[in-house]
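**Q** Everything below, folded, please.
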Amino acid sequence: MRYRTASASSYPWPVRVVLAIYSACFLIGTYTHAAGILRRGLLASPVPVGIGVFWDALTLLDPLAAVLVWWRPRLGLPLAVAIMAADISVNSYVYVAGYFGPPAAGLVPLSLLEQALFGVFVFVTAPGVYGRNPSDASLAKHDS
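**A** Predicted coordinates for the structure are as follows:
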């Protein structure tokens with residue numbers, strides 16, 4: 001028997017809801033990064049070039065994750081986790097380093113809080129989704 005890469009449609013509905021949330025949020029991220037490029041141009045300053053390259057790359061990586069978590073979850077889930085871990089780390093560094101103004105004591109920008117909440121959602125749910133096998137019936141019909 002050959003290994004089949006299942007799409008999200010072969011998973012039970014609660015898993016499909018989780019994957020749809022991932023896709024929607026990564027598409028929101030795509031919009032955010034594309035809008036940033038339109039507003040500030042490529043390699044946004046005042047951040048270091050490496051951070052600008054990373055943010056610009058997310059304009060391509062976010063929609064890739066949005067598509068892969070839906071059509072090929074086994075490929076998309078590790079990408080989603082990696083993107084969120086890197087993006088939260090980079091954005092937290094940018095905030096703490098004060099590239100866009102001094103950090104306010106005890107306050108976190110709303111966008112970073114929203115991103116962190118989505119990151120926690122991804123980190124908590126991805127292992128369960130990744131470890132779950134799609135229903136045998138949906139894979140069996142593809143084996144013939």
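**Q** list the helices and strands the helix or strand encompassing Ala116 packs on?
**A** Following DSSP states H and E, the helix or strand that holds Ala116 is helix 110-131. Helix 110-131 sits against helix 13-40, helix 73-97, with contacts defined as 3 or more Cβ pairs under 8 Å, 6 or more residues apart in numbering; DSSP states H and E. Just so you know, the C-beta spots here come from the backbone N, C-alpha and C atoms, and that holds for glycine as well.
**Q** now these in a markdown table, with mean neighbour count, mean pLDDT and distance to Leu117?
**A** Listed next are the helices and strands packed on helix 110-131 as a markdown table, based on neighbours: other Cβ atoms under 10 Å; pLDDT from 0 to 100; distance: least, Cβ to Cβ, whole Å:
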| stretch | mean neighbour count | mean pLDDT | distance to Leu117 |
| --- | --- | --- | --- |
| helix 13-40 | 16 | 94 | 10 |
| helix 73-97 | 17 | 95 | 10 |
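**Q** quick one, which of the ones you listed is nearest to Leu61?
**A** Ranking those by proximity to Leu61 (Cβ to Cβ) places helix 73-97 first, at 5.8 Å.
**Q** can you dump the C-alpha coordinates of the helix holding Ala116 into CSV?
**A** Output in CSV follows, covering the C-alpha atoms of helix 110-131 (Å, rounded to 0.1, in the frame of the first residue of the first chain):
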residue,chain,number,x,y,z
LEU,A,110,-2.7,44.5,20.2
SER,A,111,-1.3,43.0,17.0
LEU,A,112,1.4,41.1,18.9
LEU,A,113,-1.1,39.9,21.4
GLU,A,114,-3.4,38.6,18.6
GLN,A,115,-0.5,37.0,16.9
ALA,A,116,0.6,35.3,20.2
LEU,A,117,-2.9,34.0,20.8
PHE,A,118,-3.1,32.5,17.3
GLY,A,119,0.4,31.1,17.9
VAL,A,120,-0.7,29.4,21.1
PHE,A,121,-3.7,28.0,19.3
VAL,A,122,-1.4,26.6,16.6
PHE,A,123,1.1,25.2,19.1
VAL,A,124,-1.6,23.5,21.2
THR,A,125,-3.7,22.1,18.3
ALA,A,126,-1.1,21.2,15.7
PRO,A,127,0.3,18.1,17.4
GLY,A,128,-3.2,16.6,17.8
VAL,A,129,-4.1,17.3,14.2
TYR,A,130,-0.8,16.1,12.9
GLY,A,131,-1.0,12.8,14.9
